[in-house]
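**Q** Just a sequence and a predicted model for now, questions to come.
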Amino acid sequence: MSGHSRWAGIKHKKGLADAKRGKLFTKIIREISIAAKIGGGQPDSNPRLRKAMEDAREANMPADNMKKAIQRGTGELPGVNYEEMLYEGYGPSGVAVMVEVTTDNKNRTAGEIRRIFSSHGGNLGETGSVGWVFSSKGLIMVEKSKAKEDALMDLVLEAGAEDLLTEDPDVFEITTPPADFEKVKKALDANHIPTVSAEVTMVPKTTVKLAGGPASQMLALMNALEEHDDVKNVYANFDIPKDIIENAIK
């Protein structure tokens, strides 16, 4: 798990730095609108919307942008009708890949995602072809310099976490059931413990170790997918050393 979560943490930091370019804002606005459409416009009763708004604040999105995105989702303002789609496939060396998208034209998006896979040594699979590799989990990363292991372990387990992993040299990886994610995150916030990233995500049950050419090709695929405007999240079960990941993220 540590290889892909390491990628997620580094990408998270890069995403905040890229907010000024507008790409992150666009993806967050789509998520806010969809969350409001599905669960209503009140964040107190809509956990998905609440999380999207937290991401927006972290990226310094103006409050008016959030308000309009909610209103488009609830139908108070006109807006584009987005659909959510999930694509499953394989990267180099058989790495399992899942791609979540929000799109207003699923035929266009499907063709573009297929081309990205094929041009980076991968291919799209059938529905269900790799879903079994992943489990839905809350995943929270805390820098090791920000907390003591024993105290952090006691805190998060009491709040409902499943485990605290320590094998990564830089961060603690806290996993939770999706239903307990917010409770664990709030416990960390209440104790003033900052997080590198915190999200409900798809965690791989097994990983594929990559290095050299296959690692570079896999990370190029990840970058190409995540740069696509319609892509919300990409999950993969690779395990690649940190220095290779950092070199791949510009």
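**A** Ah, there it is.
**Q** elements contacting the strand ranked longest in the chain?
**A** Secondary structure of the chain read by DSSP state E shows that its longest strand is strand 134-143. On a contact count with 3 or more C-beta pairs under 8 Å, 6 or more residues apart in numbering; DSSP states H and E, strand 134-143 meets helix 2-17, strand 171-176, helix 181-190, strand 197-204. Every residue, glycine included, has its C-beta placed from N, CA and C.
**Q** That strand: which residues count as buried?
**A** Judged by neighbour count using 16 or more other C-beta atoms under 10 Å, the buried positions of strand 134-143 are 134, 137-142.
**Q** Next secondary structure element downstream of it?
**A** helix 149-159 (DSSP states H and E).
**Q** Pull that next one out as PDB, backbone CA atoms only.
**A** Included here for helix 149-159 are C-alpha records, laid out as PDB according to Å, rounded to 0.1, in the frame of the first residue of the first chain:
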ATOM      1  CA  GLU A 149       3.700   6.700  17.300                       C
ATOM      2  CA  ASP A 150       2.400   5.400  20.600                       C
ATOM      3  CA  ALA A 151       0.200   8.400  21.400                       C
ATOM      4  CA  LEU A 152      -1.000   8.600  17.800                       C
ATOM      5  CA  MET A 153      -1.900   4.900  17.800                       C
ATOM      6  CA  ASP A 154      -3.900   5.200  21.000                       C
ATOM      7  CA  LEU A 155      -5.700   8.300  19.700                       C
ATOM      8  CA  VAL A 156      -6.800   6.900  16.300                       C
ATOM      9  CA  LEU A 157      -7.700   3.400  17.500                       C
ATOM     10  CA  GLU A 158      -9.900   4.900  20.100                       C
ATOM     11  CA  ALA A 159     -11.600   7.100  17.500                       C
END
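**Q** Provide a list of residues in contact with residue 160.
**A** When contacts are counted by C-beta atoms under 8 Å, 6 or more residues apart in numbering, residue 160 is found next to 176-177, 180, 183-184.
**Q** Could you export these as CSV, including pLDDT, neighbour count and distance to residue 29?
**A** Supplementary listing: these in CSV, determined by pLDDT from 0 to 100; neighbours: other C-beta atoms under 10 Å; distance: C-beta to C-beta, whole Å:
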residue, pLDDT, neighbour count, distance to residue 29
176, 96, 24, 27
177, 96, 16, 29
180, 95, 16, 28
183, 96, 16, 27
184, 97, 24, 27
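**Q** picking up where we left off before, columns pLDDT on top of the buried residues of strand 134-143, output as a markdown table?
**A** Conversion of these to a markdown table gives the following (pLDDT from 0 to 100):
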| residue | pLDDT |
| --- | --- |
| 134 | 94 |
| 137 | 93 |
| 138 | 93 |
| 139 | 92 |
| 140 | 93 |
| 141 | 91 |
| 142 | 94 |
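**Q** Closest one of these to residue 44?
**A** Each of those was checked against residue 44 using C-beta to C-beta; the closest is residue 138, at 19.6 Å.
**Q** circling back to that earlier point, how distant is the longest strand of the chain from the center of its chain?
**A** Counting by C-alpha atoms, centre = their mean, to the nearest Å, strand 134-143 is centred 10 Å from the centre of its parent chain.
**Q** do stretch 40-50 as well
**A** 19 Å.
**Q** Buried residues, that stretch. List them.
**A** Within stretch 40-50, the residues that count as buried by 16+ other C-beta under 10 Å are 41, 43, 46-50.
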